[in-house]
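>>> Provided below are the primary sequence and the corresponding predicted coordinates.
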Amino acid sequence: MTPAFPAPAWLVGCGNMAGAMVAGWRLAGIDFSGVTVIRPSGKPVDGVTTVTDYPEEQPQFVMLGFKPQKLDEVAPELAPHVGAQCIVVSMLAGVSAETLRERFPEARSVVRVMPNLPVAQGQGMTAIYSPDGGREQLADIDQLMASLGAISWCEKEEELGVIGAIASAGIAYVARFAAALAKSGEALGMQPGTAEQVAVQTLVGTAAYVADTGASMSEIAKRVASPKGTTEQGLAVLDAEEGLQQLVDRTIQAAVQRSRELADEAARRN
Ligand SMILES: NC(=O)c1ccc[n+]([C@@H]2O[C@H](COP(=O)([O-])OP(=O)(O)OC[C@H]3O[C@@H](n4cnc5c(N)ncnc54)[C@H](OP(=O)(O)O)[C@@H]3O)[C@@H](O)[C@H]2O)c1
């Protein structure tokens, strides 16, 4: 059965991330008839009623899709609409469930989600955490999120930040790696457009290969690298001390640290 929004449902803010979720839900055939997007610009969202002010109705579902820094501006006006029947789903990076509960004290449940952009293609990775229940108590949220790709329910809130640092931000890191491949190609004389095409297709092809074969990352490397061959020489550089793993560790740690700072800032503003 196709999942459904608890209606009326409000999507408060619908930029890059919430817009990608709407695209994914559209792809999954979800009914938007009970859904309203509320955003200051009023910029229409295809197939969804879009307004600039909160409608005269009691929402059963409110998704927060604006930047974390906007919470101070949005919460005082939104909170009076959030009653005891309403589930608040937040994608705000670094804003804790405790802060959300303080901002929306009447809400039935507060749920944090950390999606990534491929939700638009139904290929997302979404972490979910709620102090108010798990997948059974929040079955409608579970099903809505599962219609966007893979999901992972977190037992501890910190896990959500870590999955976010890897999966949500990871899109940018993987894109940077592909850009670096392209730049290396250029440095060896390839035309910039060709280098980018080759790098991007390598990325897309790797993802398709992994999805299709289910091979592990180390198995894939083994299948490409013949003993004493060219790939093995390249992998030795990546695998060297202070190589790729250490670089990625530092990258993820920097993002996790920023997530903690954002959480502290949001908590201090309460
Ligand atoms: N981008 C990602 O990959 C990603 C991944 C995981 C989580 N997130 C989280 O997703 C959230 C949104 O990020 P984004 O990249 O989608 O940002 P974005 O593209 O800048 O979108 C922000 C949205 O917030 C709306 N907005 C601004 N002020 C508002 C207000 N006072 N009331 C209601 N809506 C308001 C904007 O409306 P207008 O368009 O009308 O101006 C816009 O639709 C952030 O909290 C972020 O932590 C993002």
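Cool, got the structure. Residues are numbered from 1 along each chain as shown.

>>> three-state assignment of G134?
In terms of secondary structure, G134 is coil; the call rests on DSSP: H, G, I helix; E, B strand; the rest coil.

>>> Could you report the pLDDT at it?
G134 carries a pLDDT value of 91.

>>> Beta-bridge partners for the residue nearest to T50 when sequence neighbours are not counted, please?
Closest residue to T50 apart from its sequence neighbours, by Cβ to Cβ, 6 or more residues apart in numbering: V37 at 4.4 Å. Where you see a C-beta, it was placed from the backbone N, CA and C, and this is true even at glycine. Bridge pairing for V37 (DSSP bridges) gives the partners L11, T50.

>>> need the contact list for V37.
10-11, 14, 18, 22, 45, 48-51 (Cβ atoms under 8 Å, 6 or more residues apart in numbering).

>>> same thing but 6 Å
By Cβ atoms under 6 Å, 6 or more residues apart in numbering, the residues touching V37 are 11, 14, 45, 48, 50.

>>> what's the answer for M114, then?
Each residue near M114 by Cβ under 6 Å, 6+ apart is listed here: 127, 160, 163-164, 168.

>>> Could you measure from it over to I166?
10 Å (Cβ to Cβ, to the nearest Å).

>>> do V51 as well
Taking Cβ to Cβ, one finds V51 at 35 Å from I166.

>>> cool, and R269?
R269 is 27 Å from I166, by Cβ to Cβ.

>>> cool, V119 as well?
16 Å.

>>> what does G94 give?
Distance, G94 to I166, using Cβ to Cβ: 15 Å.

>>> ditto for M63
Counting by Cβ to Cβ, the separation of M63 from I166 is 22 Å.

>>> So for those two, which sits in the more crowded spot?
Higher neighbour count among M63 and I166: M63, with 26 against 19, using other Cβ atoms under 10 Å.

>>> isn't there a helix covering that one?
No. If the criterion is three-state DSSP, then M63 is strand and not within a helix.

>>> is it in a bridge, and if so with what?
In beta-bridge terms (that is, DSSP bridges), M63 pairs with L11, V89.

>>> Surely it and V89 touch.
Yes. Counting by Cβ atoms under 6 Å, M63 does reach V89; the two are 4.6 Å apart.

>>> Where do the domain boundaries of the chain fall?
9-155, 170-239 (automatic domain parsing).

>>> Pull the number of nearby residues for A9.
23.

>>> ok, it touching T36?
No. In this structure, A9 is not within contact of T36 by Cβ under 6 Å, at 7.3 Å.

>>> quick one, longest helix in the chain?
Longest helix of the chain, by residue count under DSSP state H: helix 244-268.

>>> Any buried residues in it, and which?
By neighbour count on 16 or more other Cβ atoms under 10 Å, the buried set for helix 244-268 is 251-252, 255-256, 259, 262-263, 266.

>>> Looking at the residues you listed, which gets the smallest pLDDT?
Lowest pLDDT among the buried residues of helix 244-268: A266, with 74.

>>> Understood, closing this out.
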